[in-house]
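Trainee: I'll drop the sequence and a predicted model, then ask my questions.
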Amino acid sequence: MKRSAQPERGNAVQDGRTTKTEERSGRSSFSGDYAISEDTADFYGDTTREQSTRSAKAARQFKERGSIAARITRSVTTPMIPSHSRVKSNQTYKPKGREKKTRHDKLKVYREVYLPTTISVGNLARLLHIRLERLQRKMEAHDMGRLSSYDHILDQELATFLALEFDYNPIVDDEIAFDIYPPPAATDRANLPPRPPVVTIMGHVDHGKTTLLDTLRSTSVAKGEAGGITQHIGAFSVPVPTSSDDPKTTKTITFLDTPGHAAFSAMRARGASVTDIIVLVVAADDGIMPQTREVLDLVKKDAGKVGLVVAVNKIDKPSADTSKVETALFAEGVQLECFGGDIPSVHVSGLTGQGLPELVETISILSEMQDVRAETDGQVQGYVLESKVSKGMGPVATVLVLRGQLTPGTHLIAGTAHGKVRVLKSPSGSSVKAVLPGTAAVVSGWKELPKAGDEVLSGSEGDVKKALTNRLRNAEKAAMMEDVEILNQRRLEEREQAEALMNSETIPEVEPQKEEKKELRIVLKGDVSGSVEAVEGALQGIGNHIAGVKIVSTGVGDVSESDVLLAKAVDGIVVAFSVNIPRSIEALAVEKGVSSLKSSIIYELMDLVKARVIDLLPKVVEKKITGEADVLQLFEISLKAKKTMKVAGCRIINGIIEKNKMARVIRNGESVYEGKLETLRHLKKDIMEAGKGLECGMAFAGWDDLREGDLVQSYQEIEKPASL
Ligand SMILES: Nc1nc2c(ncn2[C@@H]2O[C@H](COP(=O)(O)OP(=O)(O)OP(=O)(O)O)[C@@H](O)[C@H]2O)c(=O)[nH]1
């Protein structure tokens, strides 16, 4: 980064007066201890950054003007409004949704984003970590709709303005902003070669997704890759005849082979949609269920981009009622072909294979209509479906290629992992020379393990290294900013509490200190990164406000010595999903007192973890009433050495009352005393217990305020485990 000496560097954290950060965030009461990162402080103190930006200028203007209005409307000063926007310069300009400043706004730490001199709309959305549609909506709201197509190149003025709108501190610096982006969409799409469609099978639990995929996979292997041993790599291809006259010409369909694929959700969360067609599986004997609706919502959100085929499954079952399912789907707004709409529905049995050729044919026809095409040359763009460390091959990832041709020797970047392709393997395990768009292969040669869901892009060796350095720095910075935000939040809360105390006229009662939430700290290991992500998500949800799960680290591969040592260091446990704990490591865990949980069934693992979290909860103590007595009369009895003692004459009305057991005294419906029943007498004799109907004398140790009309209840305390 080009940077000059900073005379005011860091003053925001040092002096006690209003800082530049405050000017920017409109904060005035929150001064000296507001934490900002060094670079942020640097930025606010900056007067001479060589590649200075519009926002830096704006920050200086705010400083010079010093008016509160200027501080609050930091992103809306005239210089920020692009000349081509229709907002007139003398018009008061208020971005939507900015009127009210919430507490959350006060706490926001504005994150830096490095922008290149020019950037496409699509790439700006990526840089700002927002969906393209959101950016486009914002542009439309500011009358920039005509500039908002994915490929439109924005100049730095406009990009800076938009970054400010999303609460970033934009800094234009081509060197630091350098990254590898996917190639722009081809202008002559119709001339591109067709690629196999990518199909995802989704639906409610137990409606038969896995069975359907297994049957499809085994038939495809039998047909297409005779003799090959199919592997679960996250995707597989099914050959289908084309609609051309030559029966020998075939094409393929690529199925993502894990239902409700974890990588798929990760990709969606990042705004990328890799699937062309979704097959919605609905069991004919069960009908529409919650996850069926979730899939329909998903398709609705991606309307126009994703095709839908309904597979009414389990038609071999006597209880199957296909028309009932179809009518219900139609009632949900699914325009099925059988009701005159355009969404095909196919009746299948994943178990017997009935209807599967029709399903494949329907997908094939739909994909022909979608006309999916992609470049087979130029830059490679794809997504990681699975990744793991393989014995002998090191980190490997299944990559679904969507554009370009992946060949050995290609330099790749995916998230913050990079590498040079060494070997490419097909689902049958054989080496392949090239992977074309719409197909997947296992790729080795990674220096680090990429994550499921990450976008894979190719570039020159130098570009990949440069982009990697920048991505790593950005990731580090983002993590640091998160810490800063948490720190600020904590400090603000402490300050608010202190202020509330000083302002209140009466001295408030000191609230008892809240007990800290207990944590079951977990070092999680799994077989592939997709499953680790899924298990992590599932385990994190376990617990309540008293005790819960904290995932300390995650990783792919067998449990190792360092996992055990880490668990020991954080006083946690090791959780192994579908991986081994080698004997020597198990012995080490025993030696270190680290316990481990292991399963390859996610629900089983969740139950085991849940039981451990329950152990952290305070036990529930239940009181079981064992006897009740009415106090009828009080009298004094003489003891040795001229001492007397007050004894209550009682009648047992229920159960048994025992000497030396706990009892409570109920007066006017409220418990007024609890303690050990020290004295229990019948006539002049000490007795150990008194049963229903017996009249006896009672007294507690150290409390002699029993009164006529009181009810004495003896009880047993029973400890029970808490539940979640
Ligand atoms: N009779 C019949 N049973 C089926 C059919 N398809 C699946 N099943 C059975 O339904 C049960 C659930 O099938 P899965 O394939 O595991 O269902 P799934 O949707 O993948 O389930 P999750 O992975 O838990 O979401 C299993 O017992 C299958 O044998 C079918 O076409 N006919």
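Mentor: Noted; the coordinates are in hand. Residues are numbered from 1 along each chain as shown.

Trainee: and for stretch 657-675, what's in contact with it?
Mentor: Contacts made with stretch 657-675 from outside it, assessed by C-beta atoms under 8 Å, 6 or more residues apart in numbering, are listed as 626-629, 676-680, 686-690, 696, 698, 700-703, 705-707, 709-717. From N, CA and C alone the C-beta is placed, and that goes for glycine too.

Trainee: which of these come close to the ligand?
Mentor: When C-beta under 6 Å from any ligand atom is applied, no member of those is adjacent to the ligand.

Trainee: now list the buried members of those residues.
Mentor: By neighbour count, with 16 or more other C-beta atoms under 10 Å, these hold 626-629, 677, 679-680, 689-690, 696, 698, 700, 706, 710-715 as buried.

Trainee: and the strands in the stretch 351-500 of the chain?
Mentor: Per DSSP state E, counting those that start in this stretch, the stretch 351-500 of the chain has strands spanning 381-390, 394-403, 411-414, 417-420, 424-425, 439-444, 455-458. These are given in chain order.

Trainee: near the ligand, which residues of the protein? Just list them.
Mentor: So the chain meets the ligand at 203, 205-211, 259, 313-314, 316-317, 349-351 (C-beta under 6 Å from any ligand atom).

Trainee: tell me which entries of these lie within helices.
Mentor: Among the residues of the chain next to the ligand, the subset assigned to helices under DSSP state H consists of 209, 210, 211.

Trainee: now distance to residue 365, neighbour count and pLDDT too, for those residues, in JSON lines please.
Mentor: What follows is those, written out as JSON lines (distance: C-beta to C-beta, whole Å; neighbours: other C-beta atoms under 10 Å; pLDDT from 0 to 100):
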{"residue": "209", "distance to residue 365": "22", "neighbour count": "23", "pLDDT": "89"}
{"residue": "210", "distance to residue 365": "25", "neighbour count": "15", "pLDDT": "85"}
{"residue": "211", "distance to residue 365": "24", "neighbour count": "17", "pLDDT": "89"}
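
Trainee: re earlier: closest one to residue 163 among the strands of the stretch 351-500 of the chain?
Mentor: strand 455-458 (20.9 Å; C-beta to C-beta).

Trainee: which strands and helices sit next to that closest one?
Mentor: strand 381-390, strand 411-414 (3 or more C-beta pairs under 8 Å, 6 or more residues apart in numbering; DSSP states H and E).

Trainee: now the shortest one: mean pLDDT?
Mentor: Right, strand 411-414. Across strand 411-414, pLDDT averages out at 96.

Trainee: list the buried residues in it.
Mentor: Within strand 411-414, the residues that qualify as buried are 411, 412, 413, 414, counting by 16+ other C-beta under 10 Å.

Trainee: let me know the closest of the residues you listed to residue 282.
Mentor: residue 414 (34.7 Å).

Trainee: now the residue of the stretch 501-650 of the chain found nearest the ligand, what's its secondary structure?
Mentor: Using C-beta to the nearest ligand atom, residue 603 is the residue of the stretch 501-650 of the chain that sits closest to the ligand, at 9.2 Å. Following DSSP: H, G, I helix; E, B strand; the rest coil, residue 603 is assigned to helix.

Trainee: what bridges to the residue nearest to residue 443 when sequence neighbours are not counted?
Mentor: In space, and not counting its chain neighbours, residue 443 is closest to residue 399: 4.9 Å by C-beta to C-beta, 6 or more residues apart in numbering. Using DSSP bridges, the beta-bridge partners of residue 399 come out as residue 384, residue 441.

Trainee: surely residue 399 and residue 437 touch.
Mentor: No: using C-beta atoms under 8 Å, residue 399 is not in contact with residue 437, being 11.4 Å away.

Trainee: so which of those two has more stuff around it?
Mentor: The residue with more neighbours, out of residue 399 and residue 437, is residue 399; 30 against 26, by other C-beta atoms under 10 Å.

Trainee: now do that one, the pLDDT please.
Mentor: Residue 399 is given a pLDDT of 94.

Trainee: and for residue 197?
Mentor: Reported pLDDT for residue 197: 93.

Trainee: what about residue 718, neighbour count?
Mentor: Neighbours around residue 718, by other C-beta under 10 Å: 11.

Trainee: my guess is it contacts residue 619, does it?
Mentor: No: with contact defined as C-beta under 8 Å, residue 718 does not count as touching residue 619 (9.8 Å).

Trainee: CSV for the ones in helices among the residues of the chain next to the ligand, including distance to residue 671?
Mentor: CSV is the format used below for these (distance: C-beta to C-beta, whole Å):
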residue, distance to residue 671
209, 57
210, 57
211, 59
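
Trainee: quick one: the residue in the stretch 51-200 of the chain that the ligand sits nearest to and residue 383, what's the gap?
Mentor: As assessed by C-beta to the nearest ligand atom, the ligand sits closest to residue 200 within the stretch 51-200 of the chain, at 13.0 Å. Per C-beta to C-beta, to the nearest Å, residue 200 is found 12 Å from residue 383.

Trainee: appreciated, that's everything.
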